Every structure is written in structure tokens, then in C-alpha cells.
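A.B. asks: Structure, please.
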Amino acid sequence: MPQLKYIGRWHSVRTPLGVFIRHQAQEVEQGWLDARRGEFAPSHWVITEDAKAGTIDEGNDGIPDNGWLRADIITWLERNGVSVRMGSTKKQLLGKVNDYLNPVEEITTEEVVEVETTEDDNSEDVLAEDTQE
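C.D. replies: Predicted structure coming up:
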């Protein structure tokens, strides 16, 4: 059975859904939770033993996508050596996944100087004169 825990800053909170005491989990029915899921912001509530929670891998390929939970995306990025800034949104994290999977290659250009060679013995003299000017 799912449990709902208030983790906000107040000792207790009275909501239309009932009274919740900070850091004390209360069991709730799965159907009740499903009907009200959007009312519990992750910054103030923790839901455990939830049958509907979890990452859904849309491509079934092990690569984070919109079906993944934010926490699971962070774990994937950290396992792959990508630094994650706290407070990043899910969209920003998925952008980091894309950057990791499709790195931008730096293109370097080198200046190529072509030197004409002639069979003339005077070519060295001409080059010497050009450099003196």
C-alpha cells in the first residue's frame, strides 16, 4: 500500500486531504493516490511503495527519455561521468543526455600555405629578395 509523507518546513500541515505531520508516513489507498497525484509537489511530499511510480523506458533502450523520472536521469548521467547541477530541470537533464550521446566535435582549420617550386636557380634569389622587403 502506498505511503505519503510530508517533508515541508512546518511541523504539520492541514490540507483538504487531511492533516499530515512532518516526516510521518501515512498509508493511503492506491486509487485515492492516483486520483490526487498532482496535488503532491515533490519538494514537500514523498510517495513510497507506489505501484505507478517508476521510470518507464519509452524506447526500451536504457537511454533516458521523457518517460524516465528526473532522479533516474541524474543517476544515469552520474554513472556516465556527466556532472549535474543541482536544481536542473528534467528538460535540462535530457539535454545533457543528448549532449553526452551526440558530442559536438570541434573543427579546427589550419592555414595551408602553398609554395611553388621551380626548376630555376633564380627562385632562391627571388624568395630572398621578397623577404627583405
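A.B. asks: What ranges in this structure fall below the confidence cut-off?
C.D. replies: Along the chain, segments meeting pLDDT under 70 span 50-60, 107-108, 117-133.
A.B. asks: do that again at 90, thanks
C.D. replies: 1-5, 7-9, 15-18, 23, 25-76, 79, 85-88, 90, 102-133 (pLDDT under 90).
A.B. asks: middle-most residue in it, spatially?
C.D. replies: By C-alpha atoms, centre = their mean, the mean C-alpha position of the chain lies nearest to L93, the distance being 1.6 Å.
A.B. asks: and that residue, what is it in contact with?
C.D. replies: Residues in contact with L93 (C-beta atoms under 8 Å, 6 or more residues apart in numbering) are P64, R70, I73, I74, L77, V84. (C-beta placed from N, C-alpha, C; glycine too.)
A.B. asks: In helices, which of these fall?
C.D. replies: Among the contacts of L93, DSSP state H puts R70, I73, I74, L77 in helices.
A.B. asks: out of the residues you listed, which is most surrounded?
C.D. replies: When neighbours are counted by other C-beta atoms under 10 Å, I73 leads those with 22 neighbours.
A.B. asks: so that one touches K90, yeah?
C.D. replies: Yes: when contacts are counted by C-beta atoms under 8 Å, I73 is listed as touching K90 (6.7 Å).
A.B. asks: Now do the longest helix seen in the chain: distance to the chain's middle.
C.D. replies: Criterion DSSP H: the longest helix present in the chain is helix 90-101. How far helix 90-101 lies from its chain's middle: 4 Å, per C-alpha atoms, centre = their mean, to the nearest Å.
A.B. asks: again, but for stretch 6-13
C.D. replies: The answer for stretch 6-13 is 29 Å, by C-alpha atoms, centre = their mean.
A.B. asks: Same check on stretch 92-110?
C.D. replies: Distance of stretch 92-110 from its chain centroid, counting by C-alpha atoms, centre = their mean, is 13 Å.
A.B. asks: for that stretch, which positions count as buried?
C.D. replies: Neighbour counts over stretch 92-110 (16 or more other C-beta atoms under 10 Å) mark L93, L94, K96, V97 as buried.
A.B. asks: hey, where'd the helices end up in this structure?
C.D. replies: When secondary structure is read from DSSP H, the chain shows helices at 30-36, 70-79, 90-101, 123-132.
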